[in-house]
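In: Take a look and give me a structure for this.
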Amino acid sequence: MFDATLHIPPFNVRLRSPFAAVRRHVHTFYPRSVLPQDSRVFIDFDIEVLPGRGLRRVWRPQARFLLDGAEPFFPLPAAQAAPMFEWGMNWCVAQRPMGWLVMHGAVLARDGAALVMPGFPGAGKSTLCASLAFIEGWRLLSDELTVLDPSDGLLVPHPRPISLKNNSIGVVTAFPGAHLGPIYRDTRKGTITHAACPPASMADAAQRARAAWIVFPRFEVGAALRIEQISRVEAFTLISEQSFNGERMGGPGFDALCAMFDHVTCHELVYGSTDGGLEGIRRICTP
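Out: Next up, the predicted model:
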């Protein structure tokens, strides 16, 4: 049984699993995150990835995700145990940290200024996020989750592997410094894999950033580059739709999101290639 405590900023996670694929996933993507066994730290998430029960251990084997002993969603095929850990972590962060506002979106930073790219399905967010991290040298705060601390108005880094699917896998494979893990086929998201977070981003995970740009990217094959500045009101409405816990946070979450918009410019970006997406971000984020 693999049993380790991981510091995945800003959280401490206890992970237990008998699946060799889960152990390899941790050693591949979180090699410096494993804490000494005698560490006495507060555990934010107590996670188990376990085999299915009864016949499901041998007939069409399954993997189950448990948080604090409870099973929040249905099992998946055992071959998907490692990505199940990543999907389960997303669920944990979206559901648990009541003191922070959590939204679906990628966050990268440069010189303390953060670029937020809210994530709509099929928009190409993860591919553009990877290209900014590996080609342009932006610091990755998170590929999936925008975490805003209402107490200081800053974005909290949560660096983890970049989730890639389908056509984006071949694109990111060619990026300099990109290290991809195993490919998983026939998942609920299609064919997926993960790209390791750049080491420099992991090393700087204690450095928060202030939002400066909010960009809603949309990839369209062969499309000419289009950049349109939009109002903060429109952007606020769109990003509110991507909030996981805004309603539960109530007034403090609403106020924190309003305050974040005091410092940002907002754009929609349509692009038809990686080079086009990067050029669009350069134009938007150049002072």
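In: switch to C-alpha atoms for all contacts and neighbour counts from now on
Out: Will do.
In: pull the CA atoms of the strand or helix carrying Ala94 into PDB?
Out: Assessed by DSSP states H and E, Ala94 sits inside helix 81-95. Provided in PDB are the C-alpha atoms of helix 81-95 (Å, rounded to 0.1, in the frame of the first residue of the first chain):
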ATOM      1  CA  ALA A  81      -6.700   5.300 -11.100                       C
ATOM      2  CA  ALA A  82      -3.900   7.900 -11.600                       C
ATOM      3  CA  PRO A  83      -6.000  10.500 -13.500                       C
ATOM      4  CA  MET A  84      -8.800   9.800 -11.000                       C
ATOM      5  CA  PHE A  85      -6.500  11.200  -8.300                       C
ATOM      6  CA  GLU A  86      -6.100  14.400 -10.300                       C
ATOM      7  CA  TRP A  87      -9.800  14.700 -11.000                       C
ATOM      8  CA  GLY A  88     -10.600  14.000  -7.400                       C
ATOM      9  CA  MET A  89      -8.100  16.600  -6.200                       C
ATOM     10  CA  ASN A  90      -9.900  19.200  -8.400                       C
ATOM     11  CA  TRP A  91     -13.200  18.200  -6.700                       C
ATOM     12  CA  CYS A  92     -11.600  18.500  -3.200                       C
ATOM     13  CA  VAL A  93     -10.300  22.000  -3.900                       C
ATOM     14  CA  ALA A  94     -13.500  23.100  -5.500                       C
ATOM     15  CA  GLN A  95     -15.600  21.800  -2.600                       C
END
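In: Would you mind pulling the contact partners of the helix or strand that comes right after that helix?
Out: Using DSSP H and E, the helix or strand that follows helix 81-95 in sequence is strand 101-110. Defining contact as C-alpha atoms under 8 Å, 6 or more residues apart in numbering, one finds that strand 101-110 is touched by 93-94, 114-119, 125-126, 129, 133, 138-150, 209, 239-240, 242-246, 249, 253, 256.
In: Just the buried ones from these?
Out: For the contacts of strand 101-110, a burial check counting by 16 or more other C-alpha atoms under 10 Å picks out 93-94, 114-119, 125-126, 129, 133, 138-150, 209, 239-240, 242-246, 249, 253, 256.
In: quick one on the thing from earlier: now intersect the contacts of strand 101-110 with the strands, please.
Out: 114-118, 139-142, 145-149 (DSSP state E).
In: For these, give me TSV that also has pLDDT and distance to Ile192.
Out: Converted to TSV, the ones in strands among the contacts of strand 101-110 look like this (pLDDT from 0 to 100; distance: C-alpha to C-alpha, whole Å):
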residue	pLDDT	distance to Ile192
Ala114	98	27
Leu115	98	25
Val116	97	23
Met117	96	21
Pro118	91	20
Arg139	98	23
Leu140	98	20
Leu141	98	21
Ser142	96	18
Leu145	95	18
Thr146	95	21
Val147	96	24
Leu148	96	28
Asp149	95	31
